[in-house]
Structures are given as structure tokens and as C-alpha cells.
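Need coordinates for the following:
(one chain, ligands or ions: 2)
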Amino acid sequence: MRLDIGVIKGDGIGPEIVTEAMKVLDKVGEIYQHELSYSQLLLGGASIDAHGIPLTDETVAEAKKCQAVLMGSIGGDAKVSPWYQLEPSKRPEAGLLKIRKELNLFANLRPAILYEELKGACPLKEEITEGGFDMMIMRELTGGLYFGERKTVEEDGVVTAYDSLTYNENEIRRIAKRGFDIAMKRHKKVTSVDKANVLDSSRLWRKTVEEVGADYPEVTLEHMLVDNCAMQLVKDPKQFDVILTENMFGDILSDEASMVTGSIGMLASASLNETKFGLYEPSGGSAPDIAGKGIANPIATILSAAMMLRFSLDLDKEADAIEQAVAQVLKDGYRTGDIMSDGKTLVGTAQMGDLICNRIKR
Ligand code: IPM
Ligand code: MG
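Ligands and ions are numbered 1, 2, ... in the order given. Below is the predicted model of the structure:
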């Protein structure tokens, strides 16, 4: 099969981690006989450097021609990077938000799994993590606070900034359906997270999720306030199966969930629209402090490539092969710095990629 994949290496550690994921994909292609064709696309700081803006119409058009897009990370250190001298709408992050919107990638899946082998990297007590946990965060990605109207004005000599959190019921319904669909394939439990004790948008969220939930009698639905959820994630992460939530809450909770799995360097993500198309990226940032040093953890990106094979290309066996190779490499004791613990073998980015490639089997 021919696979047309768009590749956004991006900024910071992006090029390093994507290179390893491509290596792994090439290995899968070789073993399972697929012809991979990559189109390199620019986004974020790399696009600003080349074109003066973080996302061009050409990049959007090119991305649409691909079956899926694999991405590294975008952005730099706001204290030193010239990208942050630009107005906010021209900075790297604006490009990421725009491509999500342009491609209508409203459903962001972020699986947080505690690997048995990484228990040592988990900051929680052993009695809490006993038996591991495996949750899927379903984050709404093209609405809410990150896309609402915003402005900064001066009124009577006082500067005031506004951001608006808006959701309509259709936006809530479509993400809720995705959440319930995925729960049906898992442990049939949805925890919908909102702030319905304060926000109107959350009250609509809760009502709409209830309505959608009525079509899924097999799925247990519970509602949780976001502040309580933040606490429950460290108190009892095992209780969660699918966490369904709006954009900003999902942004925050998914970083928290990643840390309880040991490292954000392990957390993959898929951003999907109504079709098979998706953009796949590690949930972590561009980590400019370690960029170019060859020490970043490429596993989240490699697992994102596995999600791409599964969700956009229907290549389940190939995705399994990658996931098993990752689990095996951890079992064999190899670790990048972020997940390192006593008695394990410390490896760099490229070596980790090679070790995973060597474990890809048919
Ligand atoms: C993420 C990131 C982005 C987001 C930023 C870079 C705009 O934090 O993917 O979680 O908030 O969505
Ligand atoms: Mg984030």
C-alpha cells in the first residue's frame, strides 16, 4: 500500500524526534511492504523563518492532500526567541491553532498509560499506581477559550484583556459522540469534565453530553468538576477510562495525566476530523532547552505514528507492532534521560529510535 504522509518536523526537539518516528515508519514499511511517501511541511517557527508567518495557505493545501500528518513540536523559548517579538497572531502557537481549525481537527485523543516498566518514573505512591492505569483523554480541540474572541483594550487608563469561552451544542455533541464511541471500544465509562457550578458553557456541555449519553446505554457516564478531576488524577487515576472535556481543561489535564505516567515524553496524541484524516503529535512541547542535544525522548512521537497507522490508515497490525516494540524496549531496560532510573541503560534520541526499529516484527 502507498502511504502519503505529511511531515511537520517543527521547532526545538521536533526535527530530532520526528526523524526517529520516520525511521520506525520506514522499518514498518519495509517489513509490511508499504511504500511511504513523505511531504515535508512547515509550521510554527520554521515557517516564520521561511515565510514570515507560522502557517501558509500552501501548507494547509499540501496537508489536505496527505492521508495523515505526523508532527513534532512547534515553538521556542519566549524569553529569547525572536518569534515572540511578533504580534501574538503571528507566533508559532498561532500556526498550530490555525492548522487545527483549518483541518477541522476537533477531536484530540491523548492516551495516558502507565507502563509497568515505568512505574519508577511515576511520582505517585506505589499503592496508588498498583496494577497500572490506562485512560484516554478526549479533548475538544477547535472551540472554547482558545478560539473565542479576544482583545486587549485600554478603558479609562486601565488595560483590560478579554478571552471568551464559547461552545455551541453541535460542537459539544460531535465531540461527545467521539468520546462515547471510543468508550464503547474500551471499558465503557465516560467521565465528562466541566465547571458547571460556575460556567454557562459548562452547563450546556453537561446537558448535551447527557443527551448524547442516552444513545449509549452500555456506557456509564459520570460528570466531574475540573478542579476535582485535577485532584482525582493524582489521588486515584485508576478510576478513569475516557475523560471527555473541553479545550482548555483538556490541555491542562492531559499534561497532568502525562506526568503521572512518568513523563510527557511518553504521551502520544491524535487530532481527528470527521473523516479518516488526522494530525498526530506528541503532547509535549518543543523543549528548546534540550533541542539539538540528542537526548529528547522520541517515544511519544513514535507512539503517535502508531496511532496514525491505526486511525488514519487502518493498519492495526502495523500499529500493534510499533507499540509492542516500544513496550519491549522498555522491558529491555533502555531509557532516555526523562524516564531514567537506577540500574537502567541511558540512551539518546537516535539510539532509542534504533532500538525500537530493531524490535519491530511481523
Ligand atoms: C498542546 C499545546 C498547545 C495547546 C499550544 C502549543 C497552543 O499546549 O497541544 O497541548 O494548548 O493546544
Ligand atoms: Mg498543552
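
rest of the way, CA atoms for contacts and neighbours
Noted.

contacting residues around residue 76?
11, 12, 45, 83, 286, 287, 288 (CA atoms under 8 Å, 6 or more residues apart in numbering).

do that again at 10 Å, thanks
11-13, 44-45, 82-84, 91-93, 285-289, 291 (CA atoms under 10 Å, 6 or more residues apart in numbering).

What of residue 332?
117, 326, 344, 345, 355.

So among the residues you listed, which ones count as buried?
326, 355 (16 or more other CA atoms under 10 Å).

Among the contacts of residue 332, which lie within helices?
Residues from the contacts of residue 332 lying in helices, with DSSP state H as the criterion: 326, 355.

for the contacts of residue 332, which one is nearest ligand 1?
residue 326 (22.5 Å; CA to the nearest ligand atom).

what sits against the nearest residue to the closest one once chain neighbours are set aside?
Nearest residue to residue 326, sequence neighbours excluded (CA to CA, 6 or more residues apart in numbering): residue 356, at 5.9 Å. The contact partners of residue 356, by CA under 10 Å, 6+ apart, come to 20-21, 23-24, 27, 299, 302, 322-330, 334, 350.

Take those residues and keep only those in helices.
20-21, 23-24, 27, 299, 302, 322-330, 350.

Now list the buried members of the residues you listed.
Here, 16+ other CA under 10 Å leaves 20-21, 23-24, 27, 299, 302, 322-330, 350 buried among the ones in helices among the contacts of residue 356.

Give me the helices and strands touching whatever helix or strand residue 70 lives in, please.
In this structure, residue 70 sits in strand 68-73 according to DSSP states H and E. Here strand 68-73 touches strand 2-10, helix 14-32, strand 35-40, helix 92-102, strand 270-272, strand 278-280, helix 299-311, going by 3 or more CA pairs under 10 Å, 6 or more residues apart in numbering; DSSP states H and E.

ok, and which of the ones you listed has the densest surroundings?
strand 278-280 (a mean of 30; mean count of other CA atoms under 10 Å).

Would you pull up the residue in the stretch 201-350 of the chain closest to ligand 1?
residue 251 (4.8 Å).

ok but that residue is inside a strand, no?
No - according to DSSP: H, G, I helix; E, B strand; the rest coil, residue 251 belongs to no strand; its state is helix.

list the contacts for it?
Residue 251 touches 108, 110, 137, 139, 140, 141, 245, 283, counting by CA under 10 Å, 6+ apart.

Now restrict these to buried residues only.
108, 110, 137, 139, 140, 141, 245, 283.

And what about the second one, helix, strand or coil?
Secondary structure of residue 110, reduced to three states by three-state DSSP: strand.

helices or strands next to the helix or strand containing residue 205 in the packing?
Taking DSSP H and E as the criterion, residue 205 maps to helix 200-213. Helices and strands touching helix 200-213, by 3+ CA pairs under 10 Å, 6+ apart, are helix 169-184, strand 189-194, strand 220-225, strand 242-245.

mind redoing it with 8 Å?
helix 169-184, strand 189-194, strand 220-225 (3 or more CA pairs under 8 Å, 6 or more residues apart in numbering; DSSP states H and E).

Please export the C-alpha coordinates of it as PDB.
What follows is helix 200-213, C-alpha atoms only, in PDB (Å, rounded to 0.1, in the frame of the first residue of the first chain):
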ATOM      1  CA  ASP A 200     -22.800  28.600  31.300                       C
ATOM      2  CA  SER A 201     -20.700  26.900  28.600                       C
ATOM      3  CA  SER A 202     -20.200  24.000  31.100                       C
ATOM      4  CA  ARG A 203     -23.900  23.800  31.900                       C
ATOM      5  CA  LEU A 204     -24.600  23.400  28.100                       C
ATOM      6  CA  TRP A 205     -21.700  20.900  27.900                       C
ATOM      7  CA  ARG A 206     -23.200  18.800  30.700                       C
ATOM      8  CA  LYS A 207     -26.700  18.900  29.300                       C
ATOM      9  CA  THR A 208     -25.600  18.000  25.800                       C
ATOM     10  CA  VAL A 209     -23.300  15.200  27.000                       C
ATOM     11  CA  GLU A 210     -26.200  13.700  28.900                       C
ATOM     12  CA  GLU A 211     -28.400  13.800  25.800                       C
ATOM     13  CA  VAL A 212     -25.700  12.000  23.700                       C
ATOM     14  CA  GLY A 213     -25.100   9.600  26.500                       C
END
